[in-house]
Each structure stands twice: as structure tokens, then as C-alpha cells.
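Q: Next input, structure requested:
(one chain, ligands or ions: 1)
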Amino acid sequence: MLIGAHESIAGGVSQAFARAEEHGARSLQLFTKSARCWKAPALADPERRAFRKEARRTGLPSIAHGSYLVNLGSEDAALRERSVACVTEELTRCERLGVSCLVIHPGAHPDERRGLKLVAQALNEVHRRTPRFRSRVCLEITAGQGNCLGWRFWHLAEILSQVEREDRVGVCLDTCHLFAAGYDLSTEHGYEAVMAECDATVGLERVRCFHLNDCKKPLGCRVDRHEEVGKGTIGRMAFRCLVNDPRFVNTIGVLETPFPERYGEAIRLLESLRQRR
Ligand SMILES: [Zn+2]
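A: Okay, the predicted model is just below:
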């Protein structure tokens, strides 16, 4: 696993790389614009060039996280169009920056089947608006709070099966969300069972990235509260399994905890879990 962290873009998106370097990261995640706003000024050319230069200098692969406002599962025409436009804009930013994945939460709807269908249709529209893009959307598994879709592997598989360009969509597994959703990966046996289920439904080849978060709440609580790795209810074993899993040697895995000042320490902890061979 290429262990890294979600880095701040204060001062411009290109600044995230130096922060990642400081933390000893091998990859990074960033927002391409403020995650709590619908719109942002277009990426200026100098900033885009600076970003590509930093990416080359550091050699660090990056992924992006999309806006939290988006709901591709919405029934409301206006919110739906806003969401499609926002994902299209963020995917365009990724494409211009050379960022491989835009991680988004699938959306929310009280009726699962209907909601999953709406998400797939919205993704089809995003794809129509962004032909020939190489950057792809990655659907993140969610904790299943409220009406949130995407907290079962079959939800993600169902969306993928209805997306016309399935090759343009990947999956992001967040360890905290998995655990909160009831997938017990806290033991070696549990980890293997969860990955086997993911493989049988979604397909492990679709897993493009991981969010490496421990969980504050118990298994199956369906509440999304990230904890620092090794300090929560999941414990270290899941992370030991992940960083040593030969299937994910080149897969990006990033920390998303609220304490960037401790990212360096957390990355060193994860690196120390690697088995020497
Ligand atoms: Zn996450």
C-alpha cells in the first residue's frame, strides 16, 4: 500500500505535496476546491502548472475527495443538476491536474433501489459531459448514516451494473465506514472474509484507493466518526492486514483523521506494521 494522508490545500493545491513529503507520505489526497462550497474560481493556469511540477518533483500519486454537498441520489431536479454539475467540475479539475481519482459519496435516498438507480443515471450524465477523461470517479463505501446509500457492497455493485461506462468508475474503501457499516475487519479472519465479500460483489480490481481511519464507535453503529489509526474500535490488526496485503501493494491509502499535526506519527506507525521479508 502507498500510505499517505489527506493534505491541506491552504495556499493553493500545489502546496499539498510539500505537506505530504513532510509527513513521510507515499501518496496523498486533497480537495481540488473547498469541499463545503458548490462553486469555486476556475483553476488558474499557473496553479495547475505548479501542481504538475510538484507532482513530478515528489513522484507522489494523488487522489481527490469531492464536495460533501453533492447528492447524486437526490429526487429534487435542482439539487440533482447542481450535484451533477459539481461532480463534473471537480472531475474536470482532476483531469487538468492529472489526479487519477475523484472520491465521492454515492448519495442519499429513502428508497435504496430507487436511489441507486438515480446515482447511476447521474454518473452516466457526468460521463456524457466529460468524454475521453482519464480521471475516474471512485464511489466510497459509507457508514450508512440516515438515508445514505453505499454502505453495503451490493449497493456499489448495483450502481456499477447500471453505469454505462463501468470502466470509468472505481471504488474507495474507508476502513472506518466499513466497520461502522457492520463489516468486521478487526481480525485476520474477519479481514479476509470482508475482502472476499467485496471481491464477490464489487470485484477487488475496482478498489482504487483506501481511507485509513480507525472508528470511534462500535461495529455496525452506522455512525461516521473517524478515529486515529490504532486508537479506535477497529484496532491495529485490520491495518496490519491491509498494509501487508499483496493485492494492494500499489494501491493508495490515505489517513483522514482530524489531526494533520500527527499524520507523520500515524504514517510511521502504519509503516512499522509492514512485515519485513
Ligand atoms: Zn473516507
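Q: In the stretch 1-150 of the chain, what residue comes closest to the ion?
A: residue 140 (5.6 Å; C-beta to the ion). Bear in mind the C-beta positions are built from the backbone N, C-alpha and C, glycine included.
Q: How many neighbouring residues does the residue lying closest to that residue once chain neighbours are set aside have?
A: Spatially, and ignoring its direct neighbours in sequence, residue 140 is nearest to residue 172 (4.2 Å; C-beta to C-beta, 6 or more residues apart in numbering). Residues within reach of residue 172, counting by other C-beta atoms under 10 Å, total 28.
Q: Pretty sure residue 172 sits in a strand.
A: Yes: judged by DSSP: H, G, I helix; E, B strand; the rest coil, residue 172 forms part of a strand.
Q: measure the residue in the stretch 51-200 of the chain that the ion sits nearest to to residue 196 for me?
A: Nearest to the ion in the stretch 51-200 of the chain, going by C-beta to the ion, is residue 174, at a distance of 3.7 Å. For residue 174, the distance to residue 196 equals 19 Å [C-beta to C-beta, to the nearest Å].
Q: And for residue 22?
A: 37 Å.
Q: pLDDT score assigned to residue 45?
A: Looking at residue 45, its pLDDT is 95.
Q: so the residue nearest to residue 140 makes contact with residue 142?
A: No: counting by C-beta atoms under 8 Å, residue 172 sits too far from residue 142 to count as a contact (10.2 Å).
Q: For stretch 61-81, buried residues please.
A: For stretch 61-81, a neighbour-count test (16 or more other C-beta atoms under 10 Å) marks 61-67, 70-74, 79-80 as buried.
Q: What of stretch 22-33?
A: Buried-residue list, stretch 22-33, by 16+ other C-beta under 10 Å: 23-33.
Q: Next: stretch 268-277.
A: The neighbour-count check on stretch 268-277 (16+ other C-beta under 10 Å) flags 269-270, 273 as buried.
Q: and if you look at stretch 148-160?
A: 148-153, 155-160.
Q: would you turn these into TSV with pLDDT, distance to residue 113 and secondary structure?
A: Formatted as TSV, the buried residues of stretch 148-160 follow (pLDDT from 0 to 100; distance: C-beta to C-beta, whole Å; DSSP: H, G, I helix; E, B strand; the rest coil):
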residue	pLDDT	distance to residue 113	secondary structure
148	97	15	strand
149	97	10	coil
150	97	13	coil
151	98	15	coil
152	98	12	coil
153	98	16	helix
155	98	10	helix
156	98	14	helix
157	98	13	helix
158	98	8	helix
159	98	11	helix
160	98	15	helix
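Q: ok, residue 174 and residue 196, which is more surrounded?
A: Neighbours per residue, other C-beta under 10 Å: of residue 174 and residue 196, the larger number sits with residue 174, 25 against 11.
Q: And the pLDDT for the more buried one?
A: On the pLDDT scale, residue 174 gets 98.
Q: cool, residue 276 as well?
A: 66.
Q: to the chain's geometric centre, what's the distance from the host helix or strand of residue 102?
A: Using DSSP states H and E, the element containing residue 102 is strand 101-104. Computed by C-alpha atoms, centre = their mean, to the nearest Å, the chain-centroid distance of strand 101-104 equals 6 Å.
Q: and what of stretch 242-250?
A: 17 Å.
Q: now the end-to-end length of that stretch.
A: Length of stretch 242-250, first residue to last, C-alpha to C-alpha, to the nearest Å: 12 Å.
Q: Now tell me what touches that stretch from outside.
A: The contact list for stretch 242-250 (C-beta atoms under 8 Å, 6 or more residues apart in numbering) reads 1-3, 175, 191, 195, 204, 207, 210, 212, 253, 270-271, 273-275.
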